[in-house]
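[1] how would this look folded up:
(one chain, ligands or ions: 1)
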Amino acid sequence: MSSHKIFTEKRKAIEYPARKCTTMAELRDEIDQLDRVIVELLSVRQGCMEQAAEIKQDRNLVRDEERVEDVVAKVLAHADKVGAHPELVEMLYRDMIEWCINYEMTVFDSARDGD
Ligand SMILES: C=C(O[C@@H]1C=C(C(=O)O)C=C[C@H]1O)C(=O)O
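    Residues are numbered from 1 along each chain as shown. Predicted coordinates:
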């Protein structure tokens, strides 16, 4: 995994709220830039799952329901603070965490294959 910093192609910082656009082409360019940053952040989060699979020494610890609820509660509190819709955030997070748990399980098993 290569180490890198996240940046946008056309500017250093992401504008918040999004730049006001007057055409769909401009707006889609804005959305495309945000998507690239989101995907990079997902990649960083995915890397954390690889570390978790290494740190955890018991397969039963891969799924930690208490931590799942803690993550969801924290992101919902943050969503409320910044004006993100709670339904969007909760749905995406629950789906993403489920994917992450399965991924972590796969990494956990493949790292210990044949043990
Ligand atoms: C990374 C962890 O493993 C799993 C993945 C989580 C996540 O995607 O945030 C949360 C809980 C765990 O079941 C963890 O335990 O923190």
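[2] chain center to the longest helix belonging to the chain: distance?
    The helix that spans the most residues within the chain, counting by DSSP state H, is helix 24-55. Relative to the centre of its chain, helix 24-55 is centred 7 Å away, using Cα atoms, centre = their mean, to the nearest Å.
[3] Name the next helix or strand following that helix along the chain.
    helix 65-82 (DSSP states H and E).
[4] Quick one: list the elements packing against that following helix.
    Applying 3 or more Cβ pairs under 8 Å, 6 or more residues apart in numbering; DSSP states H and E, one finds that helix 65-82 makes contact with helix 86-111. Yep, even glycine has a C-beta here, placed from its N, CA and C like the rest.
[5] Check which helices and strands the helix it packs on sits against.
    helix 24-55, helix 65-82.
[6] what's the angle between that helix and helix 65-82?
    On the basis of axes from the mean of the first three to the mean of the last three Cα atoms, to 10 degrees, helix 86-111 is oriented at 140 degrees to helix 65-82.
[7] Quickly check: helix 86-111 near the ligand or not.
    Yes - Helix 86-111 is in contact with the ligand by Cβ under 6 Å from any ligand atom, via Ile97, Cys100, Ile101, Glu104.
[8] in that helix, what's buried?
    Buried residues in helix 86-111, counting neighbours by 16 or more other Cβ atoms under 10 Å, are found at Val89, Tyr93, Ile97, Cys100, Ile101, Tyr103, Glu104, Val107, Phe108.
[9] Now the two most distant members of these.
    Val89 and Phe108 (27.3 Å; Cβ to Cβ).
[10] How about the residues of the chain by the ligand?
    Residues of the chain found near the ligand, taking Cβ under 6 Å from any ligand atom as the criterion, are Met49, Ala52, Arg63, Asp64, Arg67, Val68, Val71, Ile97, Cys100, Ile101, Glu104.
[11] Distance of the nearest residue to the second one once chain neighbours are set aside relative to Leu61?
    Distance criterion Cβ to Cβ, 6 or more residues apart in numbering; nearest residue to Ala52, sequence neighbours excluded, is Glu104 at 5.4 Å. When Cβ to Cβ, to the nearest Å is applied, the distance between Glu104 and Leu61 equals 10 Å.
[12] Also Leu34?
    Distance from Leu34 to Leu61, by Cβ to Cβ: 34 Å.
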